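Chemist: need a 3D model of the following:
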Amino acid sequence: PPVIPTLSPGAASFPHHRATLRLSEKFILLLILSAFITLCFGAFFFLPDNSKHKRFDLGLEDVLIPHIEAPKGAKHPGGQVVIHGQGDHDEHRHSLRDKIRADHERALQEAKEKLSKSRDELRAEIQTEKSKVLEDLKKEGPKPLPPVPMPKVVGVNDGDPGEPDIKEKRDKIREMMKHAWDSYRQYGWGHNELKPLAKKGHSTNIFGNSQMGATIVDALDSLYMMGLHDEFKDGQEWIEQNLDFSVNAEVSVFEVNIRFIGGLLAAYYLSGQEVFKVKAVQLAEKLLPAFNTPTGIPWAMVNLKSGVGRNWGWASAGSSILAEFGTLHMEFVHLTYLTGNPAYYQKVMHIRKLLAKMDRPNGLYPNYLNPRTGRWGQHHTSVGGLGDSFYEYLLKAWLMSDKTDTEARKTYDDAIEAIERHLIRKSNGGLTFIGEWKNGHLERKMGHLTCFAGGMFALGADGSPDDKAGHYLQLGAEIAHTCHESYDRTVLKLGPEAFKFDSGLEAVAVRQNEKYYILRPEVIETYWYMWRFTHDPKYRQWGWEAAQAIDKYCRVSGGFSGVKDVYSSNPTYDDVQQSFFLAETLKYLYLLFSSDDLMPLESWVFNTEAHPLPVLHLANLTLPGSQGQR
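Modeler: Got it, this is the predicted structure:
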């Protein structure tokens, strides 16, 4: 016979019991209100009334019971305290008593009506109220942004390199971009990233596992520069219709800033489309609660809906990370410029001022800082992961300010001097590398992420103190050479995540968990900067080798994937097409094979996710608090 499911008595009765406990929010408020009114009502009858004492009327009725008009002569906020005569006082007491009684009866009547309604009716009523509030909010809409002059933007497309063989290479990069984008469009649209083998969407915890279309936002400016305007338009339409930041998602403040805010701002400046600016500002407002800490150093993560922030569990004793809170300046200065709201600029300047006051061991900045105590965490310093883009943004704050933010330049120069003294070494085989300072000693290891520094040294050469421009350009070239060696010494000609310089092995990964390549851009980024500043053809040659290796070993039918071991001739895939592959790796390759008039460095500064932001000629602008500095 068929089995008829049965419920235990507890299970059957429990839902009903729970529903009776969960009273309507409105009814609870009414109970509180009527209790409060009863208290006030009783106070007038039972408090002693000694007519020998004159009463001081402090006008608190205005505050506590706002719907009762203040009597003649009562104190209004900021007004005089008036002493009433006894007759006035009695009359006032009677009228007040009548008003309170009427209110009390009305509240009780409303409460009785609520009690007589069914649970479904109460639910429907609450839903109606909520919908009404939402409708009202929608009607209000976001405040319009103030009109600000668009900075002069030059060289946003074309960049024809002239030579047919270079043009052919550039066309190949555009074709790779189209394959990556089309695959994402087909299999992962709206998801943050793509799993190119599984041919489905992918998300990581940095975006709170919500579908925010990270690849779309990250790729927009690359599509625009490459002249892929239909693809750009598709991305724009998705953003207009679907990009919503009121999601209950805990996101990385740093990643959302560099990828989303940076990507949206760059798309706005390149295309002039207002929607990108509006979306960038909406998101930026959601990040501001992350700064609500005792020191003003932001939390690593914030919930976009609730505004609650916290730090990564693995970071030194609840610390914030130098590269994360130090990589906000470029985007936040542009946000203040576009909105007229000084909060963004003030928050990043506060971070800079706080760091300037702190003692630095050996002049180095440790990677961890506790946002509650304002003290450094463990003394670990790196120009790779956890530290890298902090130094980059000091230099780029100066460049973006049209070289007027001299405080940022000085801070950069001092930091680089300490890095050169304590972290930069030459290996036995003559390779210049940047080590990591850990617990008082130098670890002779360099990460793929650290390879961006070659480009940074070249970019910062002009304007460096003591006529050391040539020295820093040379240092950039040496780092580029070392990083090229890390690629060249693998089977796949793609660089590992980290490589050592000891025990006879140089520029080679030793540990299995450091042999992977996840489509990272940093080495190609340095090739591009070195090409722009030297026009040495070897940088284009090295970039082409990397592009061919990516196309050969990372390309699959559903996009591009990272590989788990660059020393294996039979690599396995990690099955992730990172959003930064479209934002950075392919963009830097495309720029490497373009002429210098595409995105000229006098007019544009690239954020750490390769999103270009225009130089702001701050002499003509007034940023809050800038008058004294500039």
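
Chemist: so where do the strands sit in the stretch 251-400 of the chain?
Modeler: Assigned by DSSP state E, counting those that start in this stretch, the strands in the stretch 251-400 of the chain fall at 301-303, 309-310, 320-321, 368-369, 380-381.

Chemist: single out the most deeply packed of the ones you listed.
Modeler: Between the strands of the stretch 251-400 of the chain, strand 320-321 has the highest mean count of neighbours, a mean of 26, where neighbours are mean count of other C-beta atoms under 10 Å. Quick note: C-beta positions are derived from backbone N, CA and C, even for glycine.

Chemist: and it, what does it pack onto?
Modeler: Secondary structure elements in contact with strand 320-321, counted by 3 or more C-beta pairs under 8 Å, 6 or more residues apart in numbering; DSSP states H and E, are strand 368-369.

Chemist: dump the strands of the stretch 251-400 of the chain to CSV, plus mean pLDDT and distance to residue 558.
Modeler: Listed next are these as CSV, based on pLDDT from 0 to 100; distance: least, C-beta to C-beta, whole Å:
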stretch, mean pLDDT, distance to residue 558
strand 301-303, 97, 31
strand 309-310, 96, 35
strand 320-321, 98, 33
strand 368-369, 97, 39
strand 380-381, 98, 39
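
Chemist: tabulate these (JSON lines), appending distance to residue 151.
Modeler: Below are those laid out as JSON lines (distance: least, C-beta to C-beta, whole Å):
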{"stretch": "strand 301-303", "distance to residue 151": "29"}
{"stretch": "strand 309-310", "distance to residue 151": "32"}
{"stretch": "strand 320-321", "distance to residue 151": "31"}
{"stretch": "strand 368-369", "distance to residue 151": "33"}
{"stretch": "strand 380-381", "distance to residue 151": "35"}
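
Chemist: who wins for proximity to residue 416 among the ones you listed?
Modeler: Among the strands of the stretch 251-400 of the chain, strand 380-381 comes nearest to residue 416, with 12.7 Å by C-beta to C-beta.

Chemist: what distance separates that closest one from the centre of its chain?
Modeler: Distance, stretch centre to chain centre, for strand 380-381: 23 Å (C-alpha atoms, centre = their mean, to the nearest Å).

Chemist: minimum distance to residue 185: which of the strands of the stretch 251-400 of the chain has it?
Modeler: strand 301-303 (29.4 Å).

Chemist: strand partners of that closest one, parallel vs antiparallel please.
Modeler: strand 250-252 (antiparallel), strand 309-310 (antiparallel) (DSSP bridges).

Chemist: for residue 517, which non-adjacent residue is spatially closest?
Modeler: residue 494 (4.4 Å; C-beta to C-beta, 6 or more residues apart in numbering).

Chemist: give the contact list for the one you found.
Modeler: Contacts for residue 494 were tallied using C-beta atoms under 8 Å, 6 or more residues apart in numbering; they are 487, 517, 546, 549-550, 553-554, 563, 566.

Chemist: before we move on, back to that, distance to residue 191 added to the strands paired with strand 301-303, as CSV?
Modeler: What follows is those, written out as CSV (distance: least, C-beta to C-beta, whole Å):
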stretch, distance to residue 191
strand 250-252, 15
strand 309-310, 25
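
Chemist: among these, which is nearest residue 595?
Modeler: Taking C-beta to C-beta, strand 250-252 is the member of these nearest to residue 595, at 35.9 Å.

Chemist: which of the residues in that closest one are buried?
Modeler: Residues 250-252 are the ones in strand 250-252 that count as buried (16 or more other C-beta atoms under 10 Å).

Chemist: so what's residue 86 scoring on pLDDT?
Modeler: The model reports residue 86 with a pLDDT of 57.

Chemist: typo on my end, residue 465
Modeler: Model confidence at residue 465 (pLDDT) stands at 95.

Chemist: measure how buried it is and give me the count.
Modeler: Per other C-beta atoms under 10 Å, the neighbour tally for residue 465 reads 12.

Chemist: that one touches residue 413, doesn't it?
Modeler: Yes. Contact criterion C-beta atoms under 8 Å: residue 465 and residue 413 qualify, at 5.5 Å.

Chemist: next one: residue 264 from residue 220, what distance?
Modeler: 8 Å (C-beta to C-beta, to the nearest Å).

Chemist: overlap in contacts of those two?
Modeler: Taking C-beta under 8 Å, 6+ apart as the contact rule, residue 264 and residue 220 both touch residue 276.

Chemist: related to what we said a few turns ago, can you flag which of the contacts of residue 494 belong to helices?
Modeler: Among the contacts of residue 494, DSSP state H puts 487, 546, 549-550, 553 in helices.

Chemist: quick one: contacts for the spatially most central residue of the chain?
Modeler: By C-alpha atoms, centre = their mean, the chain has its centre lying nearest to residue 257, at 2.4 Å. Shown in contact with residue 257 (C-beta under 8 Å, 6+ apart): 287, 327-328, 331.

Chemist: that one and residue 207, how far apart?
Modeler: In terms of C-beta to C-beta, residue 257 sits 12 Å off from residue 207.

Chemist: show me the shaky parts of this structure.
Modeler: For the chain, the stretches with pLDDT under 70 are 1-31, 37-93, 134-142, 618-630.
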